[in-house]
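1. sequence first, predicted coordinates after that:
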Amino acid sequence: MQLERSIIEILNNRGISAAEDVAEFLSDKPQRMYDPFLLKDMEAGVDLVLSAIDEGRRICVYGDYDADGVTSVALLKDVLTALGGQVTYYIPSRFDEGYGLNSAALDKIKAAGVSLLITVDCGCTSAAEARHAKEIGLDILITDHHAMREERPDCLLIDPQQKDCPYPFKFLAGVGVAFKLAQALCETAGLPKQVLTRNLDLVGIGTIGDIVPLVDENRTLAKYGLRAMNLSRRPGLRALIEGIGLHQGEIDSGKVSFGIVPHINAAGRMGDAALAARLMLTEDEARAQELTARLKECNDRRKRIQDGIYRDCLDIIHRDGEPGRFLLVELTEAHEGVTGIVAGKLKETFYLPSLVVTDIEDGLCKGTGRSIDTINIFEILNRRADLFERFGGHAAACGFTIKKENVPALRAHLAAATAELPEEAFRRQIKADAVMEGREVTPAFTAQQKLLEPFGKGNPRPKVAVRLMPGRVNRMGNAGQYLSFGGSLDNGASIRGVDFKRADETEPALQKAAAEGRFLRLIGEIEEQTWKDRTYVQINLAGVEGEES
C-alpha cells in the first residue's frame, strides 16, 4: 500500500520511520510482545502461585477500584480458576479504605481462610502493609505498574517500574502486568491458549482506560483487546455495550475511553467497584442486564454530582483570584468518587497542575491531583512525602490522605516547587504532526489515518496544520459554548470546522479573518463525518497558529 505523504510525516514525527517499525505499527496483527519471565520476581511468583494451587490453599486477588483494577481482578480470577485454584477477590472501598492495601482488610482476608494474596494494580508503595501480612502469616505477591517509592515492600514484587527490573517496556497498565503473570502461569502449567485469549477484552479495556502510552507492547495489547471486545461472548461486556448504546463490531478506543470505562469506573466512584467486577465475571445473561442497569444508574449520578462540584470549584477559584502556577482547591464537603475527574477538568480549563482536597473525618483530608504534560506531579509531591498519611500515583495523577493541619505546608511546597519551573512549562503546546496542503485533505487521508488507531496517550489522534479562509462562524451547543464554521482550503475546496474546546479563544480570529477575506493557519484533527447519508471531511479545531495574507 502506498502511504499518503502526510501519513508518513505523522509517523516520522512520532519516531516511526524504519520500514519494519512502520509495518509493525500499522499491522492488524502486531507482534510486539515480550517474555513475561523478563519481569523481576516473575519466576518466583509463578512458583508461589502454582504451589498454592497444588496445595489447595485459598487465594485472594486484591485490586484497585478503577477500570484497570477491576479488569485485572476479573482476568486473574478467571485464569487462576482455570488452573484449579480456590479463588476469591477483594476490592477496597474508595471511601472507607482508600487506595491500595490496608491492614484491616488483610486481617479480614486472613480470617476468611485465605493464605495467599495477589495484588493487581496496587501494592508497590505498601511496605507497612506487606510487613503486616507477613506478621499474620499471609503470603503476598504484589503485581503493580505504579512508580516505586524509596521503601520497597519486603515480598515478591512484579512491577516493570522497579529500577532493577530488566523488562524492556516500562509502561504496562496494571492489567498488562496481571496479563503477563497470567501468561507466565499458563505457559508453565500448559493451559490452552484460549484461557488467555478469552480475557483479551479485559486487557484492552484496562489498558485503554488507565491512559498508559498506547505504544510498543501496549499498542499490541490494545489492538488485540479491541478485536476481542468486538467479538466478545462475555455476557457482562455485551450487555454493557448494548446498554449504553454502542454496538459490537464498532468499538474503538474512543468508545472504550468515553463509554465503557466511565461506566466501570462509576461503580467504584459511587459505591462498590465489585459491582463492575461481578458484571465482567457473570455468565448469566439476565444477571448481566441487571448489573448493567445498576452501572448506568451509578454513572448518571456520578455526572450530576461531578458537574455540581466542578461549579463549586470554579466559584472558589474566581473568588480567590489569580491561582498562580497550580490549583489547590479546598472543599469542606465533596463526593470523593468524582474529585479526580473534577481535578482533571480544572487542569484542562486552566492548564495548571490541579489538586482537589476535601475534608473527611478526624482532622484528615483526602486529595486527588491531575497534572499537565510537562510537570510530574508525583515527583513534586513525593519530595514532601512526610506531609502525607498515604500517598501514591504517577507523573500525571496522584491521590493522598493528609492531615488538615498539613494542607498549608503542602500549598507552600507546591508554590515553591512550581516557582522553580520555566514559564514554557505552563504554556499549552499545540503542535502539528504534519503540515497539509488543501489537496491532501481527502477521504484517502482519513481512510489511512484509521490505520494509526488505536489513539490514546502516546499516540493521540493526529493534529495537522492547514491554511483555511473562514466563512460564516456560528455558535452552537445548549449554551452557545461551541463553534461551527465553514471555509475554503488553499486549493479552493470547501470544508466544515468545529471547535468544542476553546471557542472563546478562537472565535475572534475566525471572525476577523472571515470579515477580511484572509487565510488562517489552523491546527486541528481531520476526520470524516456522515450526516443524512452525506459524507464530508471536517476539521476539529485545536488552535489558531496565526494569520496569513
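-> Noted; the coordinates are in hand. Numbering: from 1, shown residues only.

2. can you list contacts of stretch 189-197?
-> 50, 78, 79, 82, 83, 179, 182, 183, 185, 186, 228 (Cβ atoms under 8 Å, 6 or more residues apart in numbering). For the C-beta atoms, the positions are set from N, CA and C on the backbone; glycine is no exception.

3. not counting residues beside it along the chain, what's closest to the third one?
-> Taking Cβ to Cβ, 6 or more residues apart in numbering, and ignoring the residues beside it in sequence, residue 79 has residue 182 as its nearest neighbour in space, at 4.3 Å.

4. surely the one you found is in contact with residue 76?
-> Yes - judged on Cβ atoms under 8 Å, residue 182 makes contact with residue 76 at a distance of 6.3 Å.

5. so between the two, which is more surrounded?
-> Set residue 182 next to residue 76 and count neighbours by other Cβ atoms under 10 Å: residue 76 wins out with 29 against 25.

6. about what we covered before: which residues does the residue nearest to residue 79 contact?
-> So residue 182 contacts 75, 76, 79, 195, 196, 199 (Cβ under 8 Å, 6+ apart).

7. returning to that earlier point: quick check: of the contacts of stretch 189-197, which has the highest neighbour count?
-> Of these, with other Cβ under 10 Å as the count, residue 179 tops at 29 neighbours.

8. any idea which helix is longest in this protein?
-> Ranked by number of residues, the top helix in the chain under DSSP state H is helix 285-320.

9. buried ones in it?
-> 288-289, 291-292, 294-295, 298-299, 301-302, 305-306, 309-310, 312-314, 317 (16 or more other Cβ atoms under 10 Å).

10. roughly how far is that helix from the heart of the chain?
-> Helix 285-320 sits 18 Å away from the centroid of its parent chain (Cα atoms, centre = their mean, to the nearest Å).

11. paired strands for the lengthiest strand in the chain, with orientation please.
-> Longest strand in the chain by number of residues (criterion: DSSP state E): strand 534-548. Using DSSP bridges, the strands paired with strand 534-548 are strand 494-499 (parallel), strand 519-531 (antiparallel).

12. would you format the contacts of residue 182 as JSON lines with pLDDT and secondary structure included?
-> Shown next, in JSON lines, are the contacts of residue 182 (pLDDT from 0 to 100; DSSP: H, G, I helix; E, B strand; the rest coil):
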{"residue": "75", "pLDDT": "98", "secondary structure": "helix"}
{"residue": "76", "pLDDT": "98", "secondary structure": "helix"}
{"residue": "79", "pLDDT": "98", "secondary structure": "helix"}
{"residue": "195", "pLDDT": "96", "secondary structure": "helix"}
{"residue": "196", "pLDDT": "97", "secondary structure": "helix"}
{"residue": "199", "pLDDT": "98", "secondary structure": "coil"}
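
13. list just the nearest of the residues you listed to residue 212.
-> Closest approach to residue 212 among the contacts of residue 182 (Cβ to Cβ): residue 75, at 15.9 Å.

14. quick check: that closest one vs residue 105, distance?
-> 21 Å (Cβ to Cβ, to the nearest Å).

15. what about the two, which has more around it?
-> When residue 75 and residue 105 are compared on other Cβ under 10 Å, the one with more neighbours turns out to be residue 75, at 29 against 20.

16. give me every residue that touches that one.
-> 175, 178, 179, 182, 199, 202, 203, 206.

17. one more time with 7 Å, if that's ok
-> Each residue near residue 75 by Cβ atoms under 7 Å, 6 or more residues apart in numbering is listed here: 175, 178, 179, 182, 199, 202, 203.

18. which one (most neighbours) among these?
-> Most neighbours among the contacts of residue 75, by other Cβ under 10 Å: residue 175, with 37 neighbours.

19. helix, strand or coil for that one?
-> helix (DSSP: H, G, I helix; E, B strand; the rest coil).

20. who's in contact with residue 527?
-> Contacts of residue 527 (Cβ under 7 Å, 6+ apart): 446, 538, 540.

21. isn't residue 328 right up against residue 413?
-> No - the pair residue 328 / residue 413 is not scored as a contact, 10.3 Å apart, by Cβ atoms under 7 Å.

22. what about the strands in the stretch 151-300 of the chain?
-> Taking DSSP state E, counting those that start in this stretch, the strands of the stretch 151-300 of the chain run over residues 156-158.

23. next one: the stretch 301-450 of the chain
-> Using DSSP E, counting those that start in this stretch, strands in the stretch 301-450 of the chain cover 327-331, 354-359, 364-370, 388-393, 397-403, 434-435.

24. the third one - contacts with which helices or strands?
-> Right, strand 364-370. If you count contacts as 3 or more Cβ pairs under 7 Å, 6 or more residues apart in numbering; DSSP states H and E, strand 364-370 packs onto helix 339-350, strand 354-359, strand 397-403.

25. quick one: closest of these to residue 135.
-> strand 397-403 (22.7 Å).

26. where does this protein have low pLDDT?
-> By pLDDT under 70, the weakly predicted segments of the chain are 546-549.

27. ok, then the element right after the helix or strand hosting residue 108?
-> Using DSSP states H and E, residue 108 falls within helix 103-111. Using DSSP H and E, the next helix or strand after helix 103-111 towards the C-terminus is strand 114-120.

28. what's the spacing between that next one and its chain's center?
-> Remark: strand 114-120 is offset 25 Å from the chain centroid, using Cα atoms, centre = their mean.

29. who's in contact with the helix or strand following it?
-> Next in sequence after strand 114-120, counting helices and strands by DSSP H and E, comes helix 127-135. By Cβ under 7 Å, 6+ apart, the residues outside helix 127-135 that reach it are 101, 102, 103, 106, 117, 140, 151, 152, 153, 154, 155.
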